[in-house]
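A.B. asks: Based on what follows, work out the 3D shape:
(2 chains)
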There are 2 protein chains.
Amino acid sequence: MASMIFSDCSSSTTARLLPLRCHKLHRSCSVLSFSLRVFLPLTSSRSFLPSLSSFQAHVSSTFVSAKMATESSAIVIDGKSVAKQIREEIAVEIARMREATGIVPGLAVILVGDRKDSATYVRNKKKACDAVGINSFEVNLPGDTTEQEVLNSITRFNEDPSVHGILVQLPLPKHMNEEKILNAVGIEKDVDGFHPLNIGRLAMRGREPLFVPCTPKGCIELLHRYGIQIKGKKAVVIGRSNIVGMPAALLLQREDATVTIVHSRTNNPEDIIKEADIIISAVGQANMVRGSWIKPGAVIIDVGINPVEDPESPRGYRLVGDVCYEEVVKVASAVTPVPGGVGPMTIAMLLSNTLSSAKRMHNFN
Amino acid sequence: MASMIFSDCSSSTTARLLPLRCHKLHRSCSVLSFSLRVFLPLTSSRSFLPSLSSFQAHVSSTFVSAKMATESSAIVIDGKSVAKQIREEIAVEIARMREATGIVPGLAVILVGDRKDSATYVRNKKKACDAVGINSFEVNLPGDTTEQEVLNSITRFNEDPSVHGILVQLPLPKHMNEEKILNAVGIEKDVDGFHPLNIGRLAMRGREPLFVPCTPKGCIELLHRYGIQIKGKKAVVIGRSNIVGMPAALLLQREDATVTIVHSRTNNPEDIIKEADIIISAVGQANMVRGSWIKPGAVIIDVGINPVEDPESPRGYRLVGDVCYEEVVKVASAVTPVPGGVGPMTIAMLLSNTLSSAKRMHNFN
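C.D. replies: You can find the predicted model right below:
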């Protein structure tokens, strides 16, 4: 976001870790008495669709006041709670499928190298699979393994009828051709939804992707679960990555929003963002989107998970979003927190894609 | 565009043919003394790239004054002349390839049924192929042919090494599954660029489509040839069809424009269009985009080709664009006419894709 200007509440354009100046601001903000209304999402067993069609309908519904009540007004979109609800729905569906057909969905994960963050992600995925009753398969290959060995693992899983989803944990070691490896995953098991054929179908009217990429799917699912209307709304997606920004824009477009993608070459991004009814930010810059950039009443889905220094945390850092939360919470009508917003939805959507895949392969509805 | 309001210079939302009231207006406009400056595009042999990078550079360049000089100021983007230039460049390249390798690019067209417009398009394509030295192959099947017969023709052309591009003329008869038939065209011969794998690659950063759909490619080529800067500009695409609107938006996005797609569910489209530096309209509504919707100095690429009644024409109708030309020509800095704007570029880009395909297959640069 080279053309964006950062000040107090934002990271610099170069550093991933916030400078102390900003960190201090955040600490002071974090003890300010602003209110967070945590809204209880709609329950929609099995369908994953909301039973109400407009956000307005929610405003009068039950909500829980959390922390101290003060000036802010945004509803906090509770991704953790929605994800839990979805995982429970998935567990029920998996039990129903197993009872009816004897088939248990299976997810295979290929991990290459010894990156700690990747190992943590893979462990979390395995745990999530176990919890809902999905069989998980794992291959750990050393960092200096050959591309061919990775391809062999993919081929084995492509051919294994007990595997319904294959996931190659990214990033891969630098000596490997990521595109070639991802393309080797059978399209019908591409639960990540990153295959260009899936992206092409997502972009085209009248076509249906086999899988929708998990994080953007999670963003839209949050909007659905909170009954936030998308059709006819102005939406801005900040960031145009293959993994989040671009497919999120395509999904919003499929739901009849008028979509603009803001990116590093956009001039005066704040002017465009200020017009939006719905904002999905997926840019990876701590606290970049300021309160003054937001139209009052906008809905904000914050995909960023950015570490900022925090000596008070046992790990020395804490996670914040792309959005300057303490500012936007006073302007927006709804916002996802970080952590606890989009994050938990990604794995829930991976489980959902794996279940869908198993159902499709075995013609089970 | 259900939400748009039409008045004098536009068609109704229901009729494709303009009512007499509008027709009369057009006739009177057509004899008004407004000036059309026809700008001579840049020559860029072989590369298809402009040698100047900004539109401003053109403004001081040579232009030809056509018709009577009056109030209007827009440069007329002369698609007919650009397309001619491109066809000449293609002919030179084909001769060079034939001399060096003995190989002649080949384009196969499959026509099903007896629609007159389709037959005309196919005839024009054949003529264009002949003119540049591309071998053309044609299969004409009756309207009641089976899907399998069409698929058999595709298979034969997929396997024929003298065919480098395959084009199925749309629309197909109603009893056929268009998606299934288009998907049967080998991705490496999909010169139309409509295969979801091509669209997916077009959408993804770091991936390259084998072919870019011809009409949107022609739009961008016009911008390039006229040295109109795309990077950092606000672009609005009106219409989101798989054939033009959506891929045009993806192309503008790849060139670092900030892109918004306006469609039938967009509220107050004119407000969004009014912000745009570049407008590509591909909606199929005669004279829908009004002069008052345009930011002064914007560049307009009009893809619409809409028949309006014209008793003075031997055929009883004439063709107009999506854009109310006589109004926008006074506001825009550059605009494509209809006919003679985007239209001639589509076939030129088809020839370009066929040549690229032959070069790629035979590793000729």
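
A.B. asks: what about A:A131, distance to A:A119?
C.D. replies: 19 Å (CB to CB, to the nearest Å). In this view, the C-beta of every residue, glycine as well, is placed from N, C-alpha and C.

A.B. asks: Tell me where the stretch 251-365 of chain A has helices.
C.D. replies: With DSSP state H, counting those that start in this stretch as the criterion, the stretch 251-365 of chain A has helices at A:269-273, A:325-328, A:343-361.

A.B. asks: Where does A:I166 sit: helix, strand or coil?
C.D. replies: Three-state assignment for A:I166 (DSSP: H, G, I helix; E, B strand; the rest coil): strand.

A.B. asks: What distance do you get for it to A:L151?
C.D. replies: Distance from A:I166 to A:L151, by CB to CB: 12 Å.

A.B. asks: neighbour count winner among these two?
C.D. replies: Each of A:I166 and A:L151 has its neighbours counted (other CB atoms under 10 Å in any protein chain shown); A:I166 has more, 27 against 15.

A.B. asks: Would you confirm that the more buried one contacts A:I154?
C.D. replies: Yes - applying CB atoms under 8 Å, one finds A:I166 in contact with A:I154, separated by 6.4 Å.

A.B. asks: Which residues are in contact with each of these two?
C.D. replies: A:I110, A:V185 (CB atoms under 8 Å, 6 or more residues apart in numbering or on different chains).

A.B. asks: Please read off the pLDDT at the residue lying closest to A:E327 once chain neighbours are set aside from the model.
C.D. replies: Leaving aside its sequence neighbours, A:E327 sits nearest to A:G291 (CB to CB, 6 or more residues apart in numbering or on different chains; 2.9 Å). Looking at A:G291, its pLDDT stands at 97.

A.B. asks: Count the residues that sit near A:G291.
C.D. replies: 16.

A.B. asks: do the same with A:P142
C.D. replies: 10.

A.B. asks: which residues sit in contact with it?
C.D. replies: Listed by CB under 8 Å, 6+ apart, the contact set of A:P142 reads A:V112, A:G113, A:D114.

A.B. asks: was I right about the second one contacting A:P173?
C.D. replies: Yes - because the distance of 5.2 Å satisfies CB under 8 Å, A:G113 is recorded as touching A:P173.

A.B. asks: Common neighbours of the two, please.
C.D. replies: Contacts common to A:G113 and A:P173, judged by CB under 8 Å, 6+ apart, are A:G143.

A.B. asks: Next to chain B in this structure, residues from the stretch 201-350 of chain A, please.
C.D. replies: A:201-207, A:231-232, A:234, A:240-242, A:246, A:250, A:253, A:256, A:258-263, A:265-267, A:272 (CB under 8 Å from any CB of the partner chain).

A.B. asks: Now do the SS call for the residue positioned nearest the centre of chain A.
C.D. replies: By CA atoms, centre = their mean, chain A has its centre lying nearest to A:T215, at 2.9 Å. The three-state label given to A:T215 by three-state DSSP is helix.

A.B. asks: and it, how far is that from chain B?
C.D. replies: A:T215 sits 15 Å away from chain B when distances are taken as CB to the nearest CB, to the nearest Å.

A.B. asks: what's the answer for A:I199, then?
C.D. replies: Going from A:I199 to chain B by CB to the nearest CB gives 4 Å.

A.B. asks: wait, what's in contact with that residue?
C.D. replies: A:G193, A:P209, A:N242, A:M246, A:P247, A:L250, B:I199, B:G200, B:A203, B:M204.

A.B. asks: 10 Å instead?
C.D. replies: A:193, A:209, A:212-213, A:242, A:246-247, A:250, B:196-197, B:199-204, B:207 (CB atoms under 10 Å, 6 or more residues apart in numbering or on different chains).

A.B. asks: ditto for A:D130
C.D. replies: Contact analysis of A:D130 by CB under 10 Å, 6+ apart lists A:S136.

A.B. asks: Report pLDDT for it.
C.D. replies: Taking A:D130 on its own, its pLDDT is 98.

A.B. asks: What is the three-state secondary structure of it?
C.D. replies: Classified using three-state DSSP, A:D130 is helix.

A.B. asks: now it: how far from chain B?
C.D. replies: 33 Å.

A.B. asks: now the strands: where do they sit in the stretch 101-250 of chain A?
C.D. replies: Ranges of strands in the stretch 101-250 of chain A, per DSSP state E, counting those that start in this stretch, are A:106-112, A:135-141, A:165-168, A:234-238.

A.B. asks: now these in TSV, with mean pLDDT?
C.D. replies: Formatted as TSV, the strands of the stretch 101-250 of chain A follow (pLDDT from 0 to 100):
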stretch	mean pLDDT
strand A:106-112	97
strand A:135-141	97
strand A:165-168	97
strand A:234-238	98
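
A.B. asks: okay, those strands in a markdown table with distance to B:S81 next?
C.D. replies: As requested, these are exported to a markdown table (distance: least, CB to CB, whole Å):
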| stretch | distance to B:S81 |
| --- | --- |
| strand A:106-112 | 54 |
| strand A:135-141 | 58 |
| strand A:165-168 | 50 |
| strand A:234-238 | 38 |
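
A.B. asks: correct me, but A:V283 touches A:V262?
C.D. replies: Yes - using CB atoms under 10 Å, A:V283 is in contact with A:V262, at 8.7 Å.
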